[in-house]
Each structure stands twice: as C-alpha cells, then as structure tokens.
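Q: the following block contains a protein sequence and its predicted model.
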Amino acid sequence: MFNLKLFNPDQKNRFLNEEYPNESTRSTYTSLLVSTSKFEVEKQKDLCDFSYSDVVDLMIGLKKKTPKSLDVAQTIITKYVDWCLAEEYSKTGINAFKLLTKEDLKKFVHQVAQKHSYFARDRLFTEVIDRLYNYVDKAMVALLFEGARGRSIVDHTFEELRNLKDTDINPEINVITVTRDNGEERDIKVSQKTMDILVAATKETEYHKLNGEGKGRFAIRPLKQTPYILRTLDVEFSDGDKITSSCIVTRFTKFREYTGIKFLNPTLVFQSGLLERCEEKEKEKGELQNEDFRQIYLNVNLDPRRWFSLKEMYEAFKKNKAPN
C-alpha cells in the first residue's frame with residue numbers, strides 16, 4: 001500500500017514483507033523508508049547505491065532533532081542496505097551507512113539545529129531577551145542582533161560592544177555610535193525596544209545573579225561604575241573599565257541555561273540580525289543581487305569580499321523556512 005511513496009517499491013516491499021512479518025515493525029520501517037524517497041528521487045538512485053556524501057546529505061536532510069532518533073534511522077537503513085547487498089541489488093557493493101559514527105550523528109543533529117535556530121526579532125525578544133533579568137544582559141543580546149560586534153580576530157572580538165559608552169547612544173533618534181579598537185566609528189539605527197533596554201542598562205547599578213533567582217548575601221552584586229554600557233560585577237575580571245570578551249562568552253553560557261535554548265550563542269544572534277537585513281532588503285527591492293549582500297556586509301563593518309558567505313547563509317535560511 002506504500003508503492004506510490006516508496007522509491008523502487010518492488011524491491012523495498014519485498015524487503016519489508018520478507019524480513020518483517022510483524023505489522024508494527026514493518027510499519028515503522030516503511031515510514032522511515034518513505035521519508036527517504038525524496039532524496040532517492042533527487043539523486044536518482046536507491047539507498048543501496050548511496051555514496052558516503054549521499055548518506056551525509058540524507059542524514060542531515062531527515063532533520064532529526066536528537067542523535068537517538070537519527071541512530072534509529074541509520075539502523076533501519078543499514079539493515080535494508082545489508083539485505084540489498086545479500087540479494088545482489090547493490091551496484092556499489094558497499095554499505096556507506098555503516099561508515100557513520102555516533103559523533104557524526106551528533107554533528108548532523110547540531111547542524112540541523114543551527115540551521116533552524118536563527119531568530120526573528122520578535123522571537124529573540126520573546127524567547128531570550130525578555131527572559132533575562134538584568135538590563136546589561138539584555139543589552140548584550142540586543143546589540144549583537146542590531147549589528148554591533150566588531151572584528152572576529154584575537155584581542156578585538158566584540159570590540160564594538162565593549163567600547164560602547166553611555167554617551168554613544170542617542171535616544172531621541174534611536175541611533176548608537178559604535179567604535180572599533182582602531183578608532184573607526186559608525187552609526188547604527190536601532191529599534192525602540194533596543195534603545196529602551198540600553199537606556200535602562202545605563203541606569204542599572206546592581207547585578208542580580210542567577211538571572212534574579214540567586215539566594216543569600218551574594219545574590220545581588222554591585223556593577224562597576226564605568227562609562228560603558230556593558231559592565232562587569234565588582235568581582236569579575238575586566239580590561240580596565242571594559243568588560244572582557246571572555247566575560248561576554250561566559251554570560252552567553254549562562255543565557256543558554258536561563259532560556260533553555262541549547263544553541264544560543266553570540267554568532268547565532270549576530271547572524272540572525274544579518275538575515276533580517278537580507279529579508280528587509282528583499283521585501284524592498286525584490287530578488288537580491290550580489291551587490292546587495294556586499295552592501296549589507298559593509299553596513300555592519302564586515303569584509304565585503306566575503307559577501308558570498310552571506311548569500312549562501314541567506315539562501316539556506318530561506319530554503320529551511322519554506323514548508324517541506
């Protein structure tokens with residue numbers, strides 16, 4: 001009854017009927033093999049003839065959310081391919097699915113999660129920023145999404161965040177001026193919500209540990225009184241008056257705990273902001289050209305010669321957003 005959905009149905013139905021007389025087991029195996037059929041159609045070959053690269057594409061494409069569920073899929077397909085080898089159906093004589101390790105499966109699940117974890121602005125505020133107690137923490141996330149970061153090189157990571165001072169924000173026009181360590185400046189237009197957070201962060205004098213749920217005498221600690229927006233606790237190591245890059249990374253480790261979002265990290269938030277810019281530009285002018293990607297990179301002070309990375313990321317983002 002699955003002939004219309006299975007690729008190479010006669011062969012697969014023979015495998016299912018001969019090897020799995022139990023209806024429940026057969027149904028489980030059939031369901032998995034049906035889900036692989038679109039990949040077989042795309043590559044115009046049966047699973048038993050998949051190369052290693054074909055196997056990788058398939059395992060990522062199944063979009064399983066846990067290594068365990070992907071392990072089940074690998075087990076079922078491996079049994080099918082072994083049967084094909086025994087029956088001499090395979091043209092390659094190799095079961096490439098057996099080449100996958102447990103670490104491979106974890107990596108594939110991670111890649112799927114990353115592709116589907118980009119934040120729209122509303123979702124970022126609802127699921128992340130609104131769940132953070134301290135305004136200096138909220139500001140850290142919001143600034144990255146708005147496009148403030150700096151160069152991804154040693155000693156200058158997060159330079160635009162670390163250098164941002166109270167005097168660099170203009171609430172009247174919702175513009176902030178960010179500065180690199182080399183003195184280069186640029187203006188960023190931010191949302192009203194982000195500006196409200198930045199203004200609140202400048203007035204914050206205390207830091208509530210464990211996201212406001214700390215207990216005991218050290219649950220609330222004073223923030224260092226400096227001219228910078230992102231400030232450290234009085235007991236945290238800092239680079240003079242500035243927060244360190246390692247402190248920002250450590251804070252994000254805590255943010256993952258507070259929000260339950262396993263893959264939350266500074267790069268993901270920053271890239272989500274880039275993708276929003278791409279979407280806005282596409283709505284404004286239609287299909288994006290290469291120059292549009294270069295300009296978006298220029299606008300956030302990134303190397304425009306690497307525009308193709310943004311184009312690839314945006315195309316993958318749109319593909320994964322589209323209904324299957």
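A: Nice, I can see it. Numbers count the residues shown, from 1 in each chain.
Q: rest of the way, CA atoms for contacts and neighbours
A: OK.
Q: would you put the C-alpha positions of stretch 209-229 in CSV?
A: Taking C-alpha atoms only, stretch 209-229 is exported to CSV below (Å, rounded to 0.1, in the frame of the first residue of the first chain):
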residue,chain,number,x,y,z
LYS,A,209,22.9,36.7,39.9
LEU,A,210,21.4,33.5,38.6
ASN,A,211,19.0,35.7,36.5
GLY,A,212,17.3,37.1,39.5
GLU,A,213,16.9,33.8,41.3
GLY,A,214,20.1,33.9,43.4
LYS,A,215,19.9,33.3,47.1
GLY,A,216,22.0,34.5,50.1
ARG,A,217,24.1,37.6,50.7
PHE,A,218,25.9,37.4,47.3
ALA,A,219,22.7,37.1,45.2
ILE,A,220,22.9,40.8,44.3
ARG,A,221,26.2,42.4,43.5
PRO,A,222,27.1,46.0,42.6
LEU,A,223,28.1,46.7,39.0
LYS,A,224,31.3,48.6,38.4
GLN,A,225,30.5,52.3,37.8
THR,A,226,32.1,53.0,34.4
PRO,A,227,31.1,55.0,31.4
TYR,A,228,30.4,51.8,29.4
ILE,A,229,27.0,50.2,28.7
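Q: quick one: the helices in the stretch 101-250 of the chain?
A: For the stretch 101-250 of the chain, the helices defined by DSSP state H, counting those that start in this stretch occupy 102-115, 121-127, 135-146, 159-162, 192-203, 245-259.
Q: contact partners of whichever helix or strand comes after the longest one?
A: It refers to helix 245-259. Following helix 245-259 in sequence order, the next helix or strand is helix 266-285 (DSSP states H and E). For helix 266-285, contacts defined as CA atoms under 8 Å, 6 or more residues apart in numbering pick out 117-121, 141, 144-149, 249, 252, 288, 292-293, 296, 314, 317.
Q: which of those residues count as buried?
A: Burial by neighbour count, 16 or more other CA atoms under 10 Å: within these this picks out 117-119, 121, 141, 144-149, 252, 292-293, 296, 314, 317.
Q: can you tell me the helix or strand for Glu40?
A: Assigned by DSSP H and E, Glu40 belongs to helix 23-43.
Q: report the distance from that helix to the chain centre.
A: Distance, stretch centre to chain centre, for helix 23-43: 28 Å (CA atoms, centre = their mean, to the nearest Å).
Q: what mean pLDDT would you report for that helix?
A: The pLDDT scores in helix 23-43 average 92.
Q: give me the buried positions along it.
A: 26, 29-30, 32-40.
Q: these two touch, right, Lys224 and Leu230?
A: No: Lys224 is not in contact with Leu230 according to CA atoms under 8 Å; the separation is 9.8 Å.
Q: higher neighbour count, the two?
A: Leu230 (28 against 21; other CA atoms under 10 Å).
Q: which residues sit in contact with that one?
A: Contact analysis of Leu230 by CA under 8 Å, 6+ apart lists 136-137, 139-140, 161-162, 164, 201, 242-243.
Q: cool, and Leu288?
A: If you count contacts by CA under 8 Å, 6+ apart, then Leu288 has 278, 281-282 around it.
Q: secondary structure class for it?
A: Secondary structure of Leu288, reduced to three states by DSSP: H, G, I helix; E, B strand; the rest coil: coil.
Q: repeat that for Ser90.
A: coil.
Q: and the pLDDT at it?
A: 95.
Q: need phi/psi at it.
A: phi -80, psi 140 (degrees, to the nearest 10).
Q: quick check: closest non-adjacent residue to Thr66.
A: Val109 (6.1 Å; CA to CA, 6 or more residues apart in numbering).
Q: for the one you found, grab the count of nearby residues.
A: By other CA under 10 Å, the residues close to Val109 number 22.
Q: how about it, what does it touch?
A: Val109 neighbours (CA under 8 Å, 6+ apart): 60, 63-67, 70.
Q: again, but for Thr177
A: Thr177 makes contact with 164, 168-169, 185-188 under the criterion CA under 8 Å, 6+ apart.
Q: change it to 6 Å
A: 168, 186-187 (CA atoms under 6 Å, 6 or more residues apart in numbering).
Q: ok, back up a step: the helix or strand that comes right after the helix holding Glu40 to helix 23-43, inter-axis angle?
A: Proceeding N to C from helix 23-43, the next assigned helix or strand is helix 52-61, under DSSP H and E. Per axes from the mean of the first three to the mean of the last three CA atoms, to 10 degrees, the angle that helix 52-61 makes with helix 23-43 is 120 degrees.
Q: give the residue spans of the stretch 51-200 of the chain that score low on pLDDT.
A: For the stretch 51-200 of the chain, residues meeting the criterion pLDDT under 70 lie at 65, 110-117, 152-156.
Q: in contact with Asp49, which residues?
A: Shown in contact with Asp49 (CA under 6 Å, 6+ apart): 90, 92.
Q: now do 7 Å
A: By CA atoms under 7 Å, 6 or more residues apart in numbering, Asp49 lies in contact with 90-92.
Q: buried ones from those, can you make that a PyMOL selection?
A: In PyMOL, selecting the buried portion of the contacts of Asp49, with burial taken from 16+ other CA under 10 Å, looks like this:
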select buried, resi 90
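Q: good, wrapping up.
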